[in-house]
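*Asks:* mind looking at a prediction? Sequence and model below.
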There are 2 protein chains.
Amino acid sequence: MDERSLVELLRRDSGSRGLVLGIGDDCAVYRPKPGEDLVFTSDLLIEDVHFTSELFRPEAIGHKALAVSLSDIAAMGAVPKFALLSLGVPASCGEKWMRSFFRGFHKLARRYDTTLAGGDLSRSDKIVCDVTVCGAVRSGKALRRDGARPGDSIFVSGRLGRAWQRHQKPEPRIKLARKIAGRATSCMDLSDGLSLDLHRLCLASGVAAELDRVPARRGATPELALHGGEDYELLFTLPPRKAAPAGTIRIGRMVEGEPGAVKLLGAPLAPGGYDHFRRSGSRH
Amino acid sequence: MDERSLVELLRRDSGSRGLVLGIGDDCAVYRPKPGEDLVFTSDLLIEDVHFTSELFRPEAIGHKALAVSLSDIAAMGAVPKFALLSLGVPASCGEKWMRSFFRGFHKLARRYDTTLAGGDLSRSDKIVCDVTVCGAVRSGKALRRDGARPGDSIFVSGRLGRAWQRHQKPEPRIKLARKIAGRATSCMDLSDGLSLDLHRLCLASGVAAELDRVPARRGATPELALHGGEDYELLFTLPPRKAAPAGTIRIGRMVEGEPGAVKLLGAPLAPGGYDHFRRSGSRH
């Protein structure tokens, strides 16, 4: 495959939602709609750091590369608009590999109306993909990490502890995000483990947290549910007595106290999640 | 260094132009201004593919990673607003390396008022950086590749043949872009060599080109000037008899003919530039 036939592969199924100009020029062009804020995130996936080719089929890599960025878009209460994909692949990944990768990417992109608007392609020793997604949210309504207040209830969008099945395809919580946008006081996605991510949310909001329960997925240990990461569920807060969407689980409440301090059933909980940079690890 | 001190390094000097929310949440938030279109580009740089650590100091890598994306923004006649940086580095790149890399990145970013709005950090065997830049242009005024018409004059923004000095820092043509926005009929940046890039521009516009001259930089062979790539000058067209900004060089004109066909002093010129994907090369 040469660059031109690859660009055709990129272009296929990519739609053109909201885009004035898509793949094929120096830049993609997007015309914002009045009253919308745009949100942006980039996520880097590197072979043998974030995944292995033994466990992950190319279709699952294409899915995951987009899913982790869509999860960040959901965490802002936004809906995705378009994505840019930078992909580096070894020569050993031939046409079959590429088609499978893009099948996984485009399938998820279509499900959430996300146009592939551009990007970059290169050779590389290891598989490298960086996905940037732009989402839109009503002006001033983006969900942030710094809005939780003492008394707010803490929720997660589903059971935790996916880490042991992380070669499976995570589903970004875009639909739930639309339901809590403008209602939740704070929100983030769970990528590095509940204990670390909740600590971060509390720090940003200047509050402490008290957890009553940690809902584990079937087959996951409580340890994994607390610290495992790779859940891509949403962690969010609602004002007291505000009804939560069906399927979400209340796990505790925000309290006044040392910013960032978290207790589980009355005992202090140290943030045990993942620092990508200090250890060279395999979680994203 | 842990992730938190790195995030502080990222945040430093990054300003907050037009951003409602910058580094530190799940996404950056940008509030578009009425009447502006937004343009987006991503460029991937990989060690030993696009540069070597022997020839490139970390500051030059940080500069180049941003410069190649800014060059795409210039090619649309846009001004940069903000950037997202995804960076993978080996453990051997310590704090000194990181500080030097960000010095190069931030210095260029400040020169063109580009806010570092977010991104991702990871360990990696080889240095990997992907930079996404968002730029803004008056609605409907983005310069595209498909607007050149027979009779238009063809210009370049400077002499060509940088390839032999490509470890030096390229300067994106943002200032020139502002002068030709709304006046040029087509524009692109020269990254893969004049012969290939002009062929692409002609294809997109459905025209042929006749070149009278190829202005070479001092020390560059005509071969390098024609096919070398890595120039990051702008290639653009103006309607006949329209005055060009000072410092730009007229090199020929567009004519009717087989779309994409280019002649140099009357003789057919084959596109000799670079296909990133077919050969695993070192040019970007």
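*Replies:* Structure received.
*Asks:* A:Asp212 and chain B: what is the separation?
*Replies:* 25 Å (CB to the nearest CB, to the nearest Å). (Glycine included, C-beta is placed from N, CA and C.)
*Asks:* just give the nearest non-adjacent residue to that residue, would you?
*Replies:* Nearest residue to A:Asp212, sequence neighbours excluded (CB to CB, 6 or more residues apart in numbering or on different chains): A:Gly252, at 5.0 Å.
*Asks:* what does A:Leu269 give?
*Replies:* Nearest one to A:Leu269, counting by CB to CB, 6+ apart, is A:Val262 at 4.6 Å.
*Asks:* list the contacts of that neighbour.
*Replies:* A:195, A:198-199, A:202, A:208-211, A:268-269, A:271 (CB atoms under 8 Å, 6 or more residues apart in numbering or on different chains).
*Asks:* what bits of the stretch 101-250 of chain A have low per-residue confidence?
*Replies:* A:164, A:166-167 (pLDDT under 70).
*Asks:* name the residues of it found near chain B, please.
*Replies:* A:117-126, A:128, A:130, A:132, A:134-135, A:137, A:139, A:142, A:144-146, A:187-189, A:204 (CB under 8 Å from any CB of the partner chain).
*Asks:* 10 Å instead, please
*Replies:* When proximity is defined as CB under 10 Å from any CB of the partner chain, the stretch 101-250 of chain A approaches chain B at A:117-126, A:128-137, A:139-140, A:142-146, A:186-189, A:191-192, A:200, A:204, A:234.
*Asks:* taking those one by one, which sit in strands?
*Replies:* Counted as lying in strands by DSSP state E, out of these, are A:117-123, A:128-137, A:186-189, A:234.
*Asks:* show me where the stretch 151-284 of chain A has helices.
*Replies:* A:174-180, A:194-205, A:222-227 (DSSP state H, counting those that start in this stretch).
*Asks:* pull out the buried residues from the shortest one.
*Replies:* Buried residues in helix A:222-227, counting neighbours by 16 or more other CB atoms under 10 Å in any protein chain shown, are found at A:224-227.
*Asks:* now, of the contacts of A:Val262, which are buried?
*Replies:* A:195, A:198-199, A:202, A:208-211, A:269, A:271.
*Asks:* just flag the most distant two among those residues.
*Replies:* A:Glu210 and A:Pro271 (15.2 Å; CB to CB).
*Asks:* quick one, grab the pLDDT at A:Gly272.
*Replies:* Here, the pLDDT recorded for A:Gly272 equals 81.
*Asks:* burial measure for it, as a count.
*Replies:* Residue neighbour count, defined by other CB atoms under 10 Å in any protein chain shown, stands at 16 for A:Gly272.
*Asks:* same question, A:Gly62
*Replies:* Neighbours of A:Gly62 using other CB under 10 Å come to 28.
*Asks:* who's in contact with it?
*Replies:* By CB atoms under 10 Å, 6 or more residues apart in numbering or on different chains, the contact list for A:Gly62 reads A:56, A:85, A:87, A:98-109, A:129, A:131, A:169.
*Asks:* on that earlier part again, got a PyMOL select line for the buried ones in the residues of the stretch 101-250 of chain A next to chain B?
*Replies:* Only the buried entries of these go into this PyMOL selection, using 16+ other CB under 10 Å:
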select buried, chain A and resi 117+118+119+120+121+122+123+124+125+126+128+129+130+131+132+133+134+135+136+137+142+143+144+145+186+187+188+189+191+192+200+204+234
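*Asks:* centroid residue for chain A?
*Replies:* The centroid of chain A falls nearest to A:Ser71 when counting by CA atoms, centre = their mean (2.5 Å).
*Asks:* any idea which helix or strand carries it?
*Replies:* Applying DSSP states H and E as the criterion places A:Ser71 in helix A:58-75.
*Asks:* nearest residue to A:Asp62 in space, please, no chain neighbours.
*Replies:* Rather than Asp, residue A:62 is Gly. Nearest to A:Gly62 is A:Gly104, by CB to CB, 6+ apart, at 3.2 Å.
*Asks:* give me the buried positions along the helix or strand where the one you found lies.
*Replies:* For A:Gly104, the enclosing helix or strand under DSSP H and E is helix A:95-111. Neighbour counts over helix A:95-111 (16+ other CB under 10 Å) mark A:97-98, A:100-102, A:104-106, A:108-109 as buried.
*Asks:* cool, and stretch A:153-173?
*Replies:* Buried residues in stretch A:153-173, counting neighbours by 16+ other CB under 10 Å, are found at A:153-163, A:166, A:169-173.
*Asks:* gap between that stretch and the chain center?
*Replies:* 10 Å (CA atoms, centre = their mean, to the nearest Å).
*Asks:* please apply the same query to stretch A:124-141.
*Replies:* Relative to its parent chain, stretch A:124-141 has a centroid offset of 9 Å by CA atoms, centre = their mean.
*Asks:* can you pull the pLDDT of the residue nearest to A:Asp212?
*Replies:* 97.
*Asks:* now do the contacts for it.
*Replies:* Applying CB under 10 Å, 6+ apart, we find A:Gly252 in contact with A:152-156, A:198, A:209-214, A:237, A:262-265.
*Asks:* and the gap between it and A:Ser122?
*Replies:* 45 Å (CB to CB, to the nearest Å).
*Asks:* contacting residues for the nearest residue in space to A:Gly272 that is not next to it in sequence?
*Replies:* Nearest non-adjacent residue to A:Gly272, counting by CB to CB, 6+ apart: A:His227, 3.9 Å away. A:His227 makes contact with A:160-161, A:163, A:192-196, A:214, A:221, A:269-274, according to CB under 10 Å, 6+ apart.
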